[in-house]
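A.B. asks: here are the coordinates; sequence isn't available:
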Ligand SMILES: Cc1ncc(COP(=O)(O)O)c(C=O)c1O
């Protein structure tokens, strides 16, 4: 096989999908409660995504940032308007790791400092600075000499906030740590991070690659509990599967970015920007944030059955804390026609479905869990 063998893969080959359902090459159907890896925000083959891609491809498939494009300018304006007030500037890139890499580089450049703080359990991507901020020892080990100086704070340990000091350029956090097993730092902890960053002159970065774009039943976690970060990083569902990432930033960070400081060939390409506009329109027109919030509420009622001890998270970012092994339950759910995700906590199964997943899926999953 030509593809390198780097991914543990699900035991089927998918060929098509519609909404929250996908089909394999044997004709078997599944509820996609993993949402194409937290990416299919509007579900699969959404007609507005298809239409946006087709119309844009017929006009201009690509031109880099060497030229202005109306679709790119409009996508940035609309994304900034969707974000909480106070994050009006946008840099487009192609993935979550790239968004985090750029946000961290900006923090280093603008503060003149090199230390970074991040949280135990955090995952921020595989490029070198993003990996430096991630806490997985297994992923970090082979590259240790190349990784940046990062302190990992414990989100349950309020006194760890004091480790952020005058040498710290930035603190990067997931407002809900998805890969860690849907772990939510307390609002008091996030608020303390903000206050400490202000006191020592460090920048606060929210990695909203998973929590952003309406998944929690609100546009972003940024702005919750009156905590506004200096930068927010995005990717995953923002263009429903067309590769796209972004860094949202305050005016004060944005105005210090000089020509040539950041760059990418493909970031902010017209296909991705046209789909981002379709995603933002559809979130509004189909009340997807309300639907995501309702999905989370219903999940709390319906999924605490069988081996599930606790339903963690909110909206369409949920973790099922189990009595037993999540990987084993995931395999058994494949057999019953459900795709779910594991996490780095062996007892937490993750549910990251499209925002328009019907309640039928929850009833069906609930019945399967009871069995
Ligand atoms: C919170 C978070 N940040 C960053 C990333 C990295 O994103 P990408 O795989 O697009 O580089 C991920 C990927 O799962 C993520 O969950």
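C.D. replies: Sure, I can see it. Being a predicted model, the structure only gives us computed values, none of them experimental.
A.B. asks: Which residue lies closest in space to residue 286, excluding its sequence neighbours?
C.D. replies: Computed as C-beta to C-beta, 6 or more residues apart in numbering, the closest residue to residue 286 that is not its neighbour in sequence is residue 356, at 6.2 Å. Using the backbone N, CA and C atoms, a C-beta is placed for each residue, glycine as well.
A.B. asks: Might you report the residue contacts of that neighbour?
C.D. replies: Going by C-beta atoms under 8 Å, 6 or more residues apart in numbering, residue 356 touches 19, 20, 42, 43, 286, 288, 291.
A.B. asks: which element is residue 284 on?
C.D. replies: Assigned by DSSP states H and E, residue 284 belongs to helix 270-285.
A.B. asks: Outside of the one helix or strand residue 31 maps to itself, list whatever touches it.
C.D. replies: Element membership of residue 31, judged by DSSP H and E, is strand 29-32. Outside strand 29-32, the residues that touch it by C-beta under 8 Å, 6+ apart are 12, 17, 20-24, 40, 43-44, 334, 337-339, 353-354, 357, 361, 364-365.
A.B. asks: Name the next helix or strand following that strand along the chain.
C.D. replies: Downstream of strand 29-32, the next assigned helix or strand under DSSP H and E is helix 35-38.
A.B. asks: Sort out which residues of that next one are buried, please.
C.D. replies: The neighbour-count check on helix 35-38 (16 or more other C-beta atoms under 10 Å) flags 35, 36, 38 as buried.
A.B. asks: Which phi and psi values does residue 338 adopt?
C.D. replies: Phi and psi for residue 338, reported as degrees, to the nearest 10, are phi -130, psi 130.
A.B. asks: residues near the residue of the stretch 1-150 of the chain found nearest the ligand, how many?
C.D. replies: Per C-beta to the nearest ligand atom, residue 96 is where the stretch 1-150 of the chain lies closest to the ligand, at 2.3 Å. For residue 96, the neighbour count with other C-beta atoms under 10 Å is 27.
A.B. asks: Isn't residue 111 up against residue 170?
C.D. replies: Yes - in this structure, residue 111 is within contact of residue 170 by C-beta atoms under 8 Å, at 7.4 Å.
A.B. asks: These two: who's more crowded?
C.D. replies: Neighbours of residue 111 and residue 170, each counted by other C-beta under 10 Å, are more numerous for residue 170; the result is 27 against 18.
A.B. asks: Please state the offset of stretch 332-352 from the chain centre?
C.D. replies: 18 Å (C-alpha atoms, centre = their mean, to the nearest Å).
A.B. asks: Now do the helix holding residue 284, average pLDDT.
C.D. replies: Helix 270-285 carries an average pLDDT of 98.
A.B. asks: That helix packs against which elements?
C.D. replies: helix 47-59, helix 70-82 (3 or more C-beta pairs under 8 Å, 6 or more residues apart in numbering; DSSP states H and E).
A.B. asks: ok, residue 307 touching residue 324?
C.D. replies: Yes - contact criterion C-beta under 8 Å: residue 307 and residue 324 qualify, at 5.6 Å.
A.B. asks: Compare neighbour counts for the two and give me the winner.
C.D. replies: Neighbours were counted for residue 307 and for residue 324 using other C-beta under 10 Å; residue 307 has more, 18 against 11.
A.B. asks: From residue 152, how far off is the more buried one?
C.D. replies: Distance, residue 307 to residue 152, using C-beta to C-beta, to the nearest Å: 31 Å.
A.B. asks: just residue 280 next, same as before
C.D. replies: Going from residue 280 to residue 152 by C-beta to C-beta gives 34 Å.
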